[in-house]
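Chemist: Sequence plus the predicted model coming up.
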Protein chains: 2
Amino acid sequence: MAIDQLDGRILVLLAREPRIGVLEMSRRLGVARGTAQARLDRLQSGGVIRGFGPQVDPAALGYPVTAFATLQIRQGQGADVRAHLASVPEVLELHTTTGSGDMLCRLVARSNADLQRVIDRVVAIDGIVRAATAIVMENPVPLRIIPLVEQAARDAEGG
Amino acid sequence: MAIDQLDGRILVLLAREPRIGVLEMSRRLGVARGTAQARLDRLQSGGVIRGFGPQVDPAALGYPVTAFATLQIRQGQGADVRAHLASVPEVLELHTTTGSGDMLCRLVARSNADLQRVIDRVVAIDGIVRAATAIVMENPVPLRIIPLVEQAARDAEGG
DNA sequence: CCTCCCGCTGAACAGATTGTCCAGCGAATA
DNA sequence: TATTCGCTGGACAATCTGTTCAGCGGGAGG
């Protein structure tokens, strides 16, 4: 999907001030409201903007510990393992990957001790041959998208 | 921060229908608008809800390839590497971790070929001793929070 | 060179929502 | 028993949304 500079500015603006309305947005962008609305609709229907779901902080919910687990899966057990991991609330994300491991998942826990409980639950299925866990200590770059959006906007328009 | 069942329902509702307003929310929850508003304010000021930024899909922006890179950092070069990685738009996320590697980062690229360019750029700094990359093939569990919210709500209230 | 199509502008409208008050009520607490 | 707290239900003005309209300009195609 094509992204021009105006689209880029819309995304940046929304990221910076999510509560902003279409009207205020059009004012900041210096375009007519209809234009802002049309662009926003296009971004949404085009799938660039998936939604505006609340960004919930696991730490504030009482889960301050984050970890990444690399799982090695027994041949043909992938589906079972996926279903099992999906049923664990502390599994926030799961990917199947190339490379040494077969899956990578993001976990959270109430404490380092609690992480053991979570991991035990994660590996409590036959399909998992081996699990390697890395506990997150710092998060120098929190999940972000703005720089990429700006890059994409530049690329698409004489950048 | 304490989360009761009502808070949990608010978060679930917001996740399911982000465009919903406080008024409609109060209707669905069966409480007064003031109550819904107060709860929402509390969740936001308490840090549970960080914000409502747009969820942008990198794939729709033209970056359909995701990968995780495990980086081994030379002693004392951490700060330099962090700054360097933060300057790469395709680095969506960066963590420092325990375990064999020292850092874990999430990358996106326009194609598998383009991923090579991204990785080259990532490792183009002395501080990185070794890099192991795992390309994401599937994403059986996209980043989610609802199950954890429900868990937290149960825990906090006679669950 | 001309015509059509598309996107943007500026405006208008009714309907709905927000932010913000208020007083009353019930339960838990000191 | 007196106080504090959260929830209810209602009110207000101000604002925003969804939608429609006609006009304008540039680019594409003929």
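Modeler: Structure's in. What do you need?

Chemist: Would you mind finding the longest strand in chain A?
Modeler: Secondary structure of chain A read by DSSP state E shows that its longest strand is strand A:128-141.

Chemist: Pull the distance from that one to the chain's centre.
Modeler: 16 Å (C-alpha atoms, centre = their mean, to the nearest Å).

Chemist: What about A:V108? Give its phi and psi, please.
Modeler: Taking degrees, to the nearest 10, you get phi -130, psi 160 for the backbone angles of A:V108.

Chemist: ok, the closest residue to it other than its chain neighbours - contacts?
Modeler: Nearest in space to A:V108, with sequence neighbours left out and distances taken as C-beta to C-beta, 6 or more residues apart in numbering or on different chains, is A:Y63 at 4.0 Å. (C-beta placed from N, C-alpha, C; glycine too.) Residues in contact with A:Y63 (C-beta atoms under 8 Å, 6 or more residues apart in numbering or on different chains) are A:E90, A:V108, A:A109, A:R110, B:L148, B:A152.

Chemist: dump the residue contacts of the residue positioned nearest the centre of chain A.
Modeler: Nearest to the geometric centre of chain A sits A:L143, at 6.8 Å (C-alpha atoms, centre = their mean). By C-beta under 8 Å, 6+ apart, the residues touching A:L143 are B:L92, B:E93, B:R106.

Chemist: on that earlier part again, I'd like to know which of the contacts of A:Y63 is nearest to A:I20.
Modeler: Distance to A:I20, by C-beta to C-beta, is smallest for B:L148 among the contacts of A:Y63, at 28.3 Å.

Chemist: Just give the nearest non-adjacent residue to the closest one, would you?
Modeler: For B:L148, the closest residue by C-beta to C-beta, 6+ apart turns out to be A:P89, at 4.7 Å.

Chemist: Then A:M103?
Modeler: Closest to A:M103 by C-beta to C-beta, 6+ apart is A:L71, at 4.3 Å.

Chemist: Please tell me I have it right and that neighbour contacts A:G99.
Modeler: No - using C-beta atoms under 8 Å, A:L71 is not in contact with A:G99; the gap is 11.8 Å.

Chemist: ends of stretch A:13-22, how far apart?
Modeler: End-to-end distance for stretch A:13-22: 11 Å, by C-alpha to C-alpha, to the nearest Å.

Chemist: neighbouring contacts of that stretch?
Modeler: With C-beta under 8 Å, 6+ apart as the criterion, stretch A:13-22 contacts A:25, A:28-29, A:33, A:36-37, A:40, A:49, A:52, A:145-146, A:149, B:51-54.

Chemist: what about A:R130, how many neighbours?
Modeler: Look at A:R130: counted by other C-beta atoms under 10 Å in any protein chain shown, it has 13 neighbours.

Chemist: any weak-confidence spans in chain A?
Modeler: Low-confidence segments of chain A (pLDDT under 70): A:100, A:158-159.

Chemist: so what's the residue of it positioned farthest from its centre up against?
Modeler: The centre of chain A is farthest from one residue, A:A32, which by C-alpha atoms, centre = their mean lies 32.1 Å away. A:A32 makes contact with A:S26 under the criterion C-beta under 8 Å, 6+ apart.

Chemist: how close does it sit to B:A134?
Modeler: Separation of A:A32 from B:A134 (C-beta to C-beta, to the nearest Å): 46 Å.

Chemist: for A:D120, same thing?
Modeler: Going from A:D120 to B:A134 by C-beta to C-beta gives 24 Å.

Chemist: Over to A:L61?
Modeler: Counting by C-beta to C-beta - A:L61 and B:A134 are separated by 28 Å.

Chemist: Of the two, which one has the most company?
Modeler: Neighbour totals were compared for A:L61 and B:A134, and A:L61 leads with 27 against 21 (other C-beta under 10 Å).

Chemist: What strand or helix carries the nearest residue to that one once chain neighbours are set aside?
Modeler: Excluding the flanking residues, the one nearest A:L61 by C-beta to C-beta, 6+ apart is B:A152, at 4.6 Å. Using DSSP states H and E, B:A152 falls within helix B:146-156.

Chemist: so the residue nearest to A:L61 sits right up against B:D4, yeah?
Modeler: No - B:A152 lies out of contact with B:D4 (C-beta under 8 Å); the separation is 9.7 Å.

Chemist: Name the residues contacting each of the two.
Modeler: Counting by C-beta under 8 Å, 6+ apart, no residue touches both B:A152 and B:D4.

Chemist: Cool, thanks, signing off.
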